[in-house]
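# next come a sequence and a model predicted from it.
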Amino acid sequence: MITLPRTLCTVLILLSTGVYGMFPDSGLPMNLASDLQQKGELVRYFYGDLDLQYLPFGALSDEIIDDLAGQDSTIGVEALFRMAIPTALASMSGKDRDLALFNILNRVSTLSGIEYYSASRERMRTLFTEVYRVKEEGSKKALPDLQFDSIPPRQEDILFQEDLTFGKNYVRNLFLYNEGRFLMQIRNLSTMWYFILPLVKPENFRMNLLIIPQENHIIFYGASSVDSASLFGMEKSKKDSFYNRIKAMQGWFSSQLEQEFKSLQQ
């Protein structure tokens, strides 16, 4: 099978579907933008080879492809969300707005206690009981969240996470910023366990979160893949778990936006 370069594929898609529709700076083809406008959320799964169909074209998209293409995917999921920007944030200048968004993303300790809907339990369940920055993998001393006066193009942290599904883990958290877009790349540094089962080896779980501010909306795109030799017959439940992580992160970001909106109103 012939594989076309990504740039050429994108151009062909844009020519066949029209350009960007109601999200003019998002990099979404018109048909996908229309579906997102109507539904507010789109989600799909893929298995085996990397297959990203919702990824917006533009800055930082290639970094997502490079990150996820560096592993053999057992299960992958991508999700696309349309989020409203609070009025107070929308009225800020692009530079000030982007700095506010970047500092929101760096409030990693506020991930502690976030919840997701557990399909297997049919109720909301805590995802992380505790999250904080550490100096290095293996360290137990919590470091405070970072606050910035300007946005660096690249920032990397090590986080400790206590996860109700996969136990205590260390992850690398990489932030990239380019052309008004934000990318949060998360990769496990320690083995992810499911009870007594070593489910995912180091470096084999990857999550990419792309945030694209628009004039009145934010496009939130998440893509996650896991390379696991076997899911021990738990493919469906673990598939849902990986989507739930993206959904929980989107919900966390939305709630932090709301808090920022309230503080700006005061």
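Nice, I can see it.
# distance from the chain centre to stretch 144-162, please.
For stretch 144-162, the separation from the chain centroid amounts to 15 Å (computed by CA atoms, centre = their mean, to the nearest Å).
# average pLDDT for it?
Stretch 144-162 shows a mean pLDDT of 96.
# buried residues, that stretch. List them.
151, 155, 157-161 (16 or more other CB atoms under 10 Å). No exception for glycine: its C-beta is placed from N, CA and C like everyone else's.
# output the below-cut-off pLDDT ranges for the chain.
Applying pLDDT under 70 to the chain flags the ranges 1-22, 24, 119-120, 228-239, 263-266.
# just want the most central residue of it.
Nearest to the geometric centre of the chain sits Leu209, at 2.3 Å (CA atoms, centre = their mean).
# from the buried residues of stretch 144-162, which land in strands?
If you go by DSSP state E, the buried residues of stretch 144-162 have 155, 157-161 in strands.
# quick one, longest helix in the protein?
The longest helix of the chain (DSSP state H) is helix 235-265.
# and that one, what's buried?
238-253, 256-257, 260.
# can you check stretch 123-140 too?
126-128, 131-134.
# would you turn these into TSV with secondary structure?
Formatted as TSV, these follow (DSSP: H, G, I helix; E, B strand; the rest coil):
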residue	secondary structure
Thr126	strand
Leu127	coil
Phe128	strand
Val131	strand
Tyr132	strand
Arg133	strand
Val134	strand
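# just give the strands next to the longest strand along the chain in its sheet, each with its orientation.
What stands out as the longest strand in the chain, according to DSSP E, is strand 167-178. Note on strand 167-178: by DSSP bridges, its sheet partners are strand 154-163 (antiparallel), strand 181-188 (antiparallel).
# need the ones you listed in JSON lines (columns: distance to Ile65).
Shown next, in JSON lines, are the strands paired with strand 167-178 (distance: least, CB to CB, whole Å):
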{"stretch": "strand 154-163", "distance to Ile65": "18"}
{"stretch": "strand 181-188", "distance to Ile65": "12"}
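# which one of those strands lies nearest to Glu78?
Glu78 lies closest to strand 181-188 among the strands paired with strand 167-178, at 14.1 Å (CB to CB).
# partner strands of the next helix or strand after that closest one, with direction?
Next in sequence after strand 181-188, counting helices and strands by DSSP states H and E, comes strand 192-194. Neighbouring strands of strand 192-194 in its sheet, by DSSP bridges, are strand 197-200 (antiparallel).
# thinking again about what came up before, relative to Gly222, which of the strands paired with strand 167-178 is closest?
strand 181-188 (9.3 Å).
# show me the contact partners of that closest one.
Contacts with strand 181-188, where a contact means CB atoms under 8 Å, 6 or more residues apart in numbering, come from 58-60, 63-64, 67, 98, 101-102, 105, 169-177, 200, 202-213.
# let's see that with 6 Å instead.
Strand 181-188 is contacted from outside by 59-60, 67, 169, 171-176, 205-212, using CB atoms under 6 Å, 6 or more residues apart in numbering.
# right, I'll leave it there.
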